[in-house]
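1. Model the following, please.
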Amino acid sequence: MRTGLSLYPGLDSTATLEKTLSLACTYGIDRLFLSLHIPEADTTKLRCDLQKILRRARENRLDVIADISPETAAFLGFDEVTPQALLACGITTARLDAGFTPAQTTYFSKCMTVQLNASTIREDDLLALRAAGADFSHIDSLHNFYPRPFTGLSPAFTAQQTALLHRYGIHVGAFIAGMNTKRAPLYEGLPTVEDHRSWETLRAVRHLSALQLDTVFIGDSAPTAEEVNTLGNVAPMDADTVVLRIQMHSDAPHLRRLLQRTFTLRPDRSAYVLRTAGSRALTGDIPILPAGPHRRRQRGDITIDNQGFGRYMGEVEIVLTDLPVEERTNIVASVLAEDLPLLDAAPYKKKIIFQWQQLKKHRDIIFA
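-> Numbers count the residues shown, from 1 in each chain. Purely as a prediction, here's the structure:
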């Protein structure tokens, strides 16, 4: 997974822009998103700060993404917007506005990286680009961010759009909200997914990873060093694996050892549980006896079938929706409430890893 920060020349102070750039270089962030079309921006200051940003980004070999419209030429002092002119000034990826035709986008794609709007693109648009001969190896995409509360995307729609673009070999990025400073004019956060508007960095990035996103940007201005460090550290996550933090209910050593394994999810998905493949064979000759709690199974419960289920003994499942009591199944753990949204994203993954914790002597002890 790649990572990025957002800069708003003409809106943020020069000091804020310089600090954000320094954080990107310090913590290995390799992409910058620049918005050049904010009505509230001071255009004179924007031009001055933009030159400094592009110079330093070039020195540090950062990928600079800028939203480009047909009006950008006059703003940047070009006779016309061309790939050659953008590359010469230090913009390496052009996020093209809706005013560009498939033929124009195709031309750009043969000269530089072009970024599509992942939130609004439709398959007909991609087919038109293919018919026009676009170079899809130079095409990237990025979802919108949504400043106004309750206008952000749902996780399901984000995953749907991302899957569409992946079918055409196009990488997809999205934004999470910053925790430190919210950008003007609404100061309500700049996430792609509405649920993430109030989520802390680690939780939001893990969710986007589970939804198969390839790049995560902090959308808001002036992230803290802690936020940027977190973003950089969680980026190397396995694209095929979702990590779930769980609370153990069982003290049985062989069941604890079992849940420390990496599980592969079955491709034939149920609407009621996530089933793991091959888990029955992992218990060896140790019988799994019926054990409590005997209650309704709740969303997020992790169950292991006991000997009452015969040859199914040892099957590990994660409950997706509340189910009736089943004494042939032991409830051995539960997914932490903060990670329950990852269950909806898990079907886009191939593997599950549990990171379990147990409250012991007033201390959280983590086992990975």
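2. the helices in the stretch 151-300 of the chain, which residues?
-> Listed in chain order, the helices found in the stretch 151-300 of the chain under DSSP state H, counting those that start in this stretch are 155-167, 201-210, 225-234, 253-259.
3. Same list, these, but as JSON lines with mean pLDDT, distance to residue 92 and mean neighbour count please.
-> Backbone N, C-alpha and C define where each C-beta goes, glycine included. Below are the helices of the stretch 151-300 of the chain laid out as JSON lines (pLDDT from 0 to 100; distance: least, C-beta to C-beta, whole Å; neighbours: other C-beta atoms under 10 Å):
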{"stretch": "helix 155-167", "mean pLDDT": "97", "distance to residue 92": "20", "mean neighbour count": "18"}
{"stretch": "helix 201-210", "mean pLDDT": "93", "distance to residue 92": "23", "mean neighbour count": "24"}
{"stretch": "helix 225-234", "mean pLDDT": "93", "distance to residue 92": "20", "mean neighbour count": "18"}
{"stretch": "helix 253-259", "mean pLDDT": "89", "distance to residue 92": "44", "mean neighbour count": "16"}
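4. who wins for proximity to residue 192 among these?
-> helix 155-167 (6.5 Å; C-beta to C-beta).
5. If you compare the directions of that closest one and helix 201-210, what angle comes out?
-> Counting by axes from the mean of the first three to the mean of the last three C-alpha atoms, to 10 degrees, helix 155-167 lies at 50 degrees to helix 201-210.
6. Quick one: residues in contact with helix 155-167.
-> By C-beta atoms under 8 Å, 6 or more residues apart in numbering, the surrounding residues in contact with helix 155-167 are 116, 118-119, 121, 123, 126, 141, 143, 153, 171-172, 174, 192-193, 195, 207, 211-213, 341, 344-345, 348.
7. Spit out the contact partners of residue 79.
-> Neighbours of residue 79 in contact, by C-beta under 8 Å, 6+ apart: residue 73.
8. Now it: phi and psi?
-> phi -70, psi -40 (degrees, to the nearest 10).
9. mind listing what residue 239 touches?
-> Contacts of residue 239 (C-beta under 8 Å, 6+ apart): 1, 209, 212, 214.
10. Go again with 10 Å.
-> Contact partners of residue 239, counting by C-beta atoms under 10 Å, 6 or more residues apart in numbering, are 1, 209, 210, 212, 213, 214, 349, 350.
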